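Asks: I would like to see how this sequence folds:
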Amino acid sequence: MDAPTSPSSAEAPDRSADAGDAGPRIRVVAWLGGTTRILEGIDALRTTLADPDATVWVDVNVESHHDIGEVAKLLELHPLVAEDIGEQNQRAKVEETEGSVHIVMFWIAYEGAITEHEVDLVLSQRSLLTVHGPAWDPFALPQLRGDVGHLLKRGPDFLLYSITDGIVDGYFPVLDALDDEIDALQDDVIQKPTSWTLERLFALKKELIRLRRAMSPAREIFNQLTNRDLALVKAEHVVYFRDVYDHLIRVTDELDNDRELVAGTLEVYLSTINNNLSTIMKRLTGVTVILAGIGAFAGVFGMSEAGTAIANGEASGFWVITALIVVGAAITAMVLRRIDWI
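Replies: Numbering: from 1, shown residues only. You can find the predicted model right below:
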């Protein structure tokens with residue numbers, strides 16, 4: 001068999017699809033006769049599938065809730081699988097239905113906030129179908145650089161591994177970015193907590209819950225792929241899916257660690273606020289003690305001498321009491337300062 005051609009020598013994409021068509025964009029990668037063919041459009045898919053020796057990857061780029069019935073019909077998918085893909089509102093899962101395996105995963109992006117993009121993958125005997133929105137492009141994955149037909153040559157299950165491995169690898173930069181933000185928030189909590197810090201902590205807590213809902217079920221997906229006897233997954237390729245499973249274990253462990261860090265940071269924030277409040281109350285109490293002492297002396301001796309003091313006719317006792325009040329207040333302030341109450 002001839003060596004696979006490079007992307008530059010592969011056939012140019014067949015632009016049979018109408019550029020103005022608002023329907024899904026269908027890209028077809030076929031391994032046929034030792035060469036890679038890259039085509040576009042439903043007609044190209046129909047022609048390629050007509051050749052029984054072709055191994056095909058069909059990538060469908062659609063908006064949410066778009067009908068892919070024609071593609072599903074050509075690939076002979078079960079109506080329930082086609083319906084689930086069309087809804088684009090599924091949980092992460094794996095289902096085996098009449099000679100095909102339907103997998104739902106999520107591509108995660110983080111740019112100050114978490115965004116999730118559903119990716120449907122359907123593995124059949126000689127084809128792999130991927131359905132996703134325009135926000136994600138599987139051809140941009142590092143695992144798919146070069147001649148994709150070289151991967152398809154090993155079987156659609158190996159291409160499935162490559163794509164899912166790229167999706168899972170994309171989780172780590174997201175977790176790293178969250179770790180950096182959590183570290184920054186921890187510094188803010190210790191140095192100068194603000195209401196914005198509290199709001200961001202609650203936002204991160206919600207985002208981590210969303211991440212767990214999107215990422216954690218993927219672990220069970222690959223647990224089933226590596227432990228169930230699936231005819232569509234070659235025995236020699238199971239080890240590759242097990243590697244993805246190991247990556248997902250790391251992902252879930254880091255996710256759980258981040259959730260604990262956010263919860264701990266939130267507790268530290270509340271403790272810091274309470275400590276600051278206690279400090280303020282201590283200082284106010286210290287000031288109150290000083291003023292209360294001055295008020296007590298003034299209350300006992302009254303203000304009857306104030307008028308004569310203004311007229312320079314006061315008795316010497318007035319100045320003695322005033323001096324005692326000042327000295328007593330100063331001593332009280334020094335004591336409170338020593339015990340860090342003011």
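
Asks: is residue 95 in a helix, a strand, or coil?
Replies: Of the three states, residue 95 takes strand according to DSSP: H, G, I helix; E, B strand; the rest coil.

Asks: how many neighbours does it have?
Replies: 17 (other C-beta atoms under 10 Å). For glycine as for every other residue, the C-beta is placed from the backbone atoms N, C-alpha and C.

Asks: ok, residue 82 next?
Replies: Applying other C-beta under 10 Å, we find 21 other residues in the vicinity of residue 82.

Asks: which residue ranges form the strands in the stretch 101-250 of the chain?
Replies: Under the criterion DSSP state E, counting those that start in this stretch, the stretch 101-250 of the chain contains strands at 114-123, 127-132.

Asks: elements contacting the shortest one?
Replies: Strand 127-132 makes packing contacts with strand 55-61, strand 114-123, helix 156-169 when contacts are defined by 3 or more C-beta pairs under 8 Å, 6 or more residues apart in numbering; DSSP states H and E.

Asks: tell me the gap between the longest one and the middle of its chain.
Replies: Yep, that's helix 156-169 we're talking about. Taking C-alpha atoms, centre = their mean, to the nearest Å, the mean C-alpha location of helix 156-169 is offset from the chain mean by 20 Å.

Asks: got a list of contacts for that helix?
Replies: Residues from elsewhere that reach helix 156-169, judged by C-beta atoms under 8 Å, 6 or more residues apart in numbering: 55-57, 103, 105-107, 119, 121, 123-128, 130, 138, 141-144, 148, 151-152, 218, 222, 232-234, 237, 240-241, 243-244, 247-248, 251.

Asks: that older thread, distance to residue 25 added to the strands of the stretch 101-250 of the chain, as CSV?
Replies: Written out in CSV, the entries for the strands of the stretch 101-250 of the chain read as follows (distance: least, C-beta to C-beta, whole Å):
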stretch, distance to residue 25
strand 114-123, 15
strand 127-132, 11
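
Asks: follow-up on the earlier one: do you know which of the helices and strands packed on strand 127-132 lies nearest residue 206?
Replies: strand 114-123 (8.9 Å; C-beta to C-beta).

Asks: what mean pLDDT does the closest one have?
Replies: The average pLDDT for strand 114-123 rounds to 91.

Asks: could you do stretch 171-191 as well?
Replies: On average, the pLDDT along stretch 171-191 is 89.

Asks: residues near the residue nearest to residue 85 when sequence neighbours are not counted, how many?
Replies: Leaving aside its sequence neighbours, residue 85 sits nearest to residue 120 (C-beta to C-beta, 6 or more residues apart in numbering; 4.6 Å). Counted with other C-beta under 10 Å, residues neighbouring residue 120 total 22.

Asks: next secondary structure after the lowest-mean-pLDDT helix or strand in the chain?
Replies: Of all the helices and strands that make up the chain, helix 306-310 has the lowest average by mean pLDDT, DSSP states H and E, namely a mean of 55. Note on helix 306-310: by DSSP states H and E, the next helix or strand toward the C-terminus is helix 316-338.
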